[in-house]
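[1] got a structure for you, letters missing:
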């Protein structure tokens, strides 16, 4: 049985390389699982191979754990499609996307066709591994960022007010401000009356003269 030797590289990590030998009559799902045997990833995530040209342009899709949209489009399933069905070029290329929610993209290129498999070897077989694969989910911890020193405190944001709440809050504070202003003015009037009352009575002064008093 002929073997295909594929070279697999991360699209964004050129220094991470895997080479895998796989039988021509094995499926795309077998290759999918072999890739993640070599990366250490959990392979049970929706993924797809795409038939590709030399510019890594996506063509026909072959998928694993399809969503409803792919089911409706009747996309071919990896476990149903053998590799030999799509090898038309001695350097056939496949663009491969693993885990659509948090994707890694790979370039998969056929390097050579080997006519006979090696006795006692279980295929697919990882025959070359260079570089450490990045973590499957990266850093998923989002640490809150404290505001820079001297930044104004965002009162509405801290209390989770919406824009509508902010408008209502503004109306309330403006109304409260008006009430305070009225109270302040009333207080000033009362204060004027209080002191004014003390000086309204002439207390015996009339036209600058002292009444009912002795002449000096």
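    Structure's in. What do you need? Keep in mind that what you see is a predicted model, and the values were worked out from it rather than measured.
[2] give me the buried positions along the strand of greatest length in the chain.
    Criterion DSSP state E: the longest strand present in the chain is strand 104-114. Neighbour-count burial for strand 104-114 flags 104, 106, 107, 108, 109, 110 (criterion: 16 or more other C-beta atoms under 10 Å). Just so you know, the C-beta spots here come from the backbone N, C-alpha and C atoms, and that holds for glycine as well.
[3] what mean pLDDT does it get?
    Mean pLDDT, computed over strand 104-114, is 97.
[4] which helix or strand lies directly C-terminal to that strand?
    Of the helices and strands lying after strand 104-114 in sequence (DSSP states H and E), the nearest is strand 125-130.
[5] list the helices and strands that following strand packs on?
    Helices and strands touching strand 125-130, by 3 or more C-beta pairs under 8 Å, 6 or more residues apart in numbering; DSSP states H and E, are strand 17-23, helix 28-39.
[6] now the ones you listed in TSV, with distance to residue 81, mean neighbour count and mean pLDDT?
    Formatted as TSV, the helices and strands packed on strand 125-130 follow (distance: least, C-beta to C-beta, whole Å; neighbours: other C-beta atoms under 10 Å; pLDDT from 0 to 100):
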stretch	distance to residue 81	mean neighbour count	mean pLDDT
strand 17-23	13	20	98
helix 28-39	5	21	98
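[7] for residue 78, grab phi and psi.
    phi -60, psi -40 (degrees, to the nearest 10).
[8] does it really touch residue 65, like I thought?
    No. Assessed by C-beta atoms under 8 Å, residue 78 is found out of contact with residue 65, at 9.0 Å.
[9] of the two, who's got more company?
    Between residue 78 and residue 65, counted using other C-beta atoms under 10 Å, residue 78 has the larger neighbour count: 21 against 15.
[10] which residues does the more buried one contact?
    Taking C-beta atoms under 8 Å, 6 or more residues apart in numbering, we find residue 78 in contact with 27, 28, 29, 32, 49, 62, 63, 64.
[11] between those, which is nearest residue 93?
    residue 49 (10.3 Å; C-beta to C-beta).
[12] am I right that the closest one is in a helix?
    No. Under DSSP: H, G, I helix; E, B strand; the rest coil, residue 49 sits outside any helix and is assigned strand.
[13] for it, give the beta-bridge partners.
    residue 62, residue 96 (DSSP bridges).
[14] and the pLDDT for it?
    Confidence at residue 49, expressed as pLDDT, is 98.
[15] enumerate every residue touching it.
    Contacts for residue 49 (C-beta under 8 Å, 6+ apart) come out as 28, 31, 32, 61, 62, 63, 78, 94, 95, 96, 108.
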